[in-house]
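S.K.: can you look at this prediction? I've put the sequence above it.
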Amino acid sequence: MSAKESARSAAPMEDQVPGAPASSAPTYDEPTDPAPPPERKPDQTEPPLRTAAGASAQDGTRAQRGEYLTTATGTRLHDTDHSLKAGSRGPTLLQDHHLREKITHFDHERIPERVVHARGAAAHGRFVGYGTADDVCEAGFLAADAETPVFVRFSTVLGSRGSADTVRDTRGFATKFYTDEGVFDLVGNNIPVFFIQDGIKFPDVVHAAKPHPDREIPQAQSAHDTFWDFVSLHTEAQHHTLWNMSDRGIPRSYRMMEGFGVHTFRLTSANGTTQLAKFHWKPVLGVHSLTWEEAQRLAGADPDYHRRDLYDAIEAGAYPEWELGLQVFEDAEDQMFQGIDLLDATKMVPEELAPVQPVGRLTLDRNVTNYFAETEQVAFHVGHLVPGIDVTDDPLLQARLFSYVDTQLTRLGGPNFDQIPINRSHCPVNDMLRDGYHQHAVHTGVAPYHPNSLDGGNPFPAAADLRAFVEAPVTVAEGGKVRDQPASYDDHFSQVRLFWKSMSAVEQEHIIAAYTFELSKCFEQTIKERQLQALANVDARLCEEVATGLGLVAPAPETELTDETPSGALSQIGDTWPLAGRMVGIVVDADGDVASLPAIRSALLEAGTTPLVIAARGGELGDGVAVQRTFAAAQSAELDAVLLLGAPAPAPDALTARDTKAGADDDPMVDPRVALLLDETFRHAKPMGAVDQGMDVLAARGMRGLAGVAEGEAEAVVSEVLDLLGRHRVWERFAVDS
């Protein structure tokens, strides 16, 4: 035996003196040949793999099982309704282990909610790559026909977990790709820019946007003094704010919401070349929004509207889909593109300058089983990267790289949050991270450090040719330590003006109304005046209209208004889109002729929409057609179009004392709740159709012959309404001066 070899012989372990630290003898020199993790010593066995519910791994289920109630450790219980007492009227005994377990667990059911993005909804799905990114990115999940499981969480930013879905707010669009090279998290928003340029301001903007700290109001709203105080003082926030005041701030559904990675990332190709890129999610159904009145109604009538829409669409087989696209830029030394600083998170690149190139498709096809275990415990991190995708020096992104890990330590109880089932990787994990709260792994070996010889050197670092993640070898510019920013960050208004000029006339009207409402909720006159000055630096008419609504004088601009070329990709209006999952209300007169109802429902279902039959009372109509909504329960805001079959007279429950909507109309021809439904549908610019006596109802309400109102035979009416529905709204119903 060489003097440099271990003094321990290679004899079988059972023939040796006990106490050897590893299952095999170490070599004197550092091991250089990669080897798998060491075997356990003969005196060690791995605990049998079981699920949290006590099932063996082979059973393939993590759900609780069995017919009988048990303790957390599986002991069957005969009574869970009565504490153990000293006699039926005596004191409860401390020895009641079931009471203590039940109450203790209940007392600790809640974990801290997210500071931002607390209210969310999520779903499972799959991503299929097109292979069109091969020239710029070597990430395996983007390869042609590569299918990757995903988990997507949508969210609002400002509200608590109990807030409403339809508030005016930014939405989160976070996607976890379980790739075979590790987890990749694309953590973005439905707006391509952010409020701030440097992550050090993130606590400030969140503190400003959250409810006031003394009264804890308003909930999930930006219509208050601290928010507008911040954005009017930090004018870099004006771009994001204008997007938020547009219809983008109140999306129709998560399924009809665009997504953006916000930051610029660095991509590496298989041959080592690098490019800069921005990620985009393009919804197949198009980008659509609610009207402000609909958003307000739904916040009260159905605060879970967006999550319900997502879950129902998936259950109905109308799977939400998005295309992932890339805007690709040269990885130039200055990291600029046609005068736009790619590291400035308050700037976007118009698609006319850099088209979005589709690289894959996302489909959500499975709902979550348990909200807490999946939607609440999922942990995203912008530092979850895979070979081919790297970060840049964007100062907002750099701060997020720290923050996303740090926040999980409190929320999820320690550093092992990646071992929670929803966060677990789908590829081999062999780290040197040990112990801590909630450690699920049973590690082998005795040497979780590098280099080592006791475990044969395992785990070995992998070379780049073995698909290791290698940071792009970029040169960092030399400079002194400063708290500063580049001069290119100082332009706070040109892109805000570009967005405003890209809006259609009706979208501009909605923006004016949003600013007027939000600023009217501010108490301090100074804040209103300061924000009006920011609007004057964007557009004179925008500022004048808002100032008029506030009863103030519009100031003159402080900067020269730039001549920006509108971007057609920013407006939501002017195209047609698929109808999958669209909700069509069919209002019927149960006492009239409903013979055409089955054929109408079939035509709507065949077109991919979801028909909801609305009648005076529940139950079934002729031919076994079920009623989904009553006149009392139907809400126009949940519908994308309405068909009126007949003229339902006031129902017996149309009493103001029972339903205040019954006092909404004094037309004896039709139930007042139906009249209200029609009026709201009309003024929200939604397609409408009527047959038979329904046409007389529309005529009496002054709607007949107007844009987006179809009349005639049932088949023709349905066809016309479906055509109109592809455009989402019929805005030409109301003339707007451009």
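M.R.: Here it is on my side, so go on.
S.K.: which residues in the stretch 151-300 of the chain form helices?
M.R.: 202-209, 225-233, 238-245, 292-301 (DSSP state H, counting those that start in this stretch).
S.K.: quick one: the first one to helix 238-245, angle?
M.R.: Okay, so that is helix 202-209. In terms of direction (axes from the mean of the first three to the mean of the last three C-alpha atoms, to 10 degrees), helix 202-209 departs from helix 238-245 by 40 degrees.
S.K.: now the angle between helix 225-233 and helix 202-209, please.
M.R.: 130 degrees.
S.K.: now swap in the longest one and tell me
M.R.: Interaxial angle of helix 292-301 relative to helix 225-233 (the same axes, to 10 degrees): 150 degrees.
S.K.: give me the residues contacting helix 292-301.
M.R.: 164-168, 250, 290, 305, 510, 513-514, 517, 635-638, 680, 683-684 (C-beta atoms under 8 Å, 6 or more residues apart in numbering). All C-beta spots, glycine's among them, are computed from the backbone N, C-alpha and C.
S.K.: change it to 6 Å
M.R.: 164, 166, 250, 305, 635, 637, 684 (C-beta atoms under 6 Å, 6 or more residues apart in numbering).
S.K.: just the helices of the stretch 151-300 of the chain: most buried one?
M.R.: helix 238-245 (a mean of 25; mean count of other C-beta atoms under 10 Å).
S.K.: if any of the contacts of helix 292-301 are buried, give me the ChimeraX selection for them.
M.R.: Here is the ChimeraX command that picks out the buried ones among the contacts of helix 292-301, judged by 16 or more other C-beta atoms under 10 Å:
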select :164,166,250,305,635,637,684
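S.K.: ok, the contacts of helix 292-301 vs A464, which is closest?
M.R.: I250 (46.4 Å; C-beta to C-beta).
S.K.: point out where this structure drops to low pLDDT.
M.R.: 1-16, 60, 664-667, 737-738 (pLDDT under 70).
S.K.: just give me the residue closest to the centre of it.
M.R.: F154 (1.6 Å; C-alpha atoms, centre = their mean).
S.K.: now do the strands in the stretch 251-400 of the chain.
M.R.: 259-260, 265-268, 274-283, 321-330, 336-337, 340-341, 357-367, 389-390 (DSSP state E, counting those that start in this stretch).
S.K.: about what we covered before: tabulate the helices of the stretch 151-300 of the chain (TSV), appending distance to Q64.
M.R.: Below are the helices of the stretch 151-300 of the chain laid out as TSV (distance: least, C-beta to C-beta, whole Å):
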stretch	distance to Q64
helix 202-209	38
helix 225-233	44
helix 238-245	43
helix 292-301	35
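S.K.: those helices: which one's closest to V474?
M.R.: It's helix 202-209; of these, that one is closest to V474 (C-beta to C-beta) at 24.6 Å.
S.K.: what packs against the closest one?
M.R.: Packed against helix 202-209 by the contact rule (3 or more C-beta pairs under 6 Å, 6 or more residues apart in numbering; DSSP states H and E) you find helix 225-233.
S.K.: just to be sure, I111 is in a strand?
M.R.: No. I111: not assigned to a strand; according to DSSP: H, G, I helix; E, B strand; the rest coil it is coil.
S.K.: contacting residues around it?
M.R.: Taking C-beta under 6 Å, 6+ apart as the test, what I111 contacts is R411.
S.K.: list the contacts of F417.
M.R.: 379, 408 are the contacts of F417 under C-beta under 6 Å, 6+ apart.
S.K.: let me see the backbone angles for the nearest residue to A318 once chain neighbours are set aside.
M.R.: Excluding the flanking residues, the one nearest A318 by C-beta to C-beta, 6 or more residues apart in numbering is G581, at 3.5 Å. Main-chain torsions, G581, degrees, to the nearest 10: phi 80, psi 0.
S.K.: surely G581 is in contact with G317?
M.R.: No. Checked against C-beta atoms under 6 Å, the pair G581 and G317 is beyond contact range at 9.1 Å.
S.K.: between those two, who's got more neighbours?
M.R.: G581 (23 against 10; other C-beta atoms under 10 Å).
S.K.: one step back: out of the helices of the stretch 151-300 of the chain, which is closest to L604?
M.R.: helix 292-301 (21.1 Å).
S.K.: export that closest one as CSV, just CAs?
M.R.: Provided in CSV are the C-alpha atoms of helix 292-301 (Å, rounded to 0.1, in the frame of the first residue of the first chain):
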residue,chain,number,x,y,z
TRP,A,292,-64.6,50.8,-15.0
GLU,A,293,-68.3,50.4,-14.0
GLU,A,294,-68.0,46.6,-14.6
ALA,A,295,-64.9,46.4,-12.4
GLN,A,296,-66.7,48.2,-9.6
ARG,A,297,-69.8,46.1,-9.9
LEU,A,298,-67.8,42.9,-9.9
ALA,A,299,-65.7,43.9,-6.9
GLY,A,300,-69.0,43.9,-4.9
ALA,A,301,-71.0,41.2,-6.6
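S.K.: about what we covered before: okay if I get the strands of the stretch 251-400 of the chain as TSV plus distance to A463?
M.R.: Output for those, formatted as TSV (distance: least, C-beta to C-beta, whole Å):
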stretch	distance to A463
strand 259-260	34
strand 265-268	15
strand 274-283	19
strand 321-330	27
strand 336-337	33
strand 340-341	35
strand 357-367	27
strand 389-390	17
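S.K.: could I get those as a markdown table with distance to R65 and mean neighbour count?
M.R.: Shown next, in a markdown table, are the strands of the stretch 251-400 of the chain (distance: least, C-beta to C-beta, whole Å; neighbours: other C-beta atoms under 10 Å):
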| stretch | distance to R65 | mean neighbour count |
| --- | --- | --- |
| strand 259-260 | 38 | 24 |
| strand 265-268 | 44 | 23 |
| strand 274-283 | 38 | 21 |
| strand 321-330 | 35 | 21 |
| strand 336-337 | 56 | 18 |
| strand 340-341 | 56 | 20 |
| strand 357-367 | 21 | 19 |
| strand 389-390 | 40 | 20 |
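S.K.: what's the closest of the ones you listed to G705?
M.R.: Across those, closest to G705 is strand 274-283 (C-beta to C-beta), at 33.6 Å.
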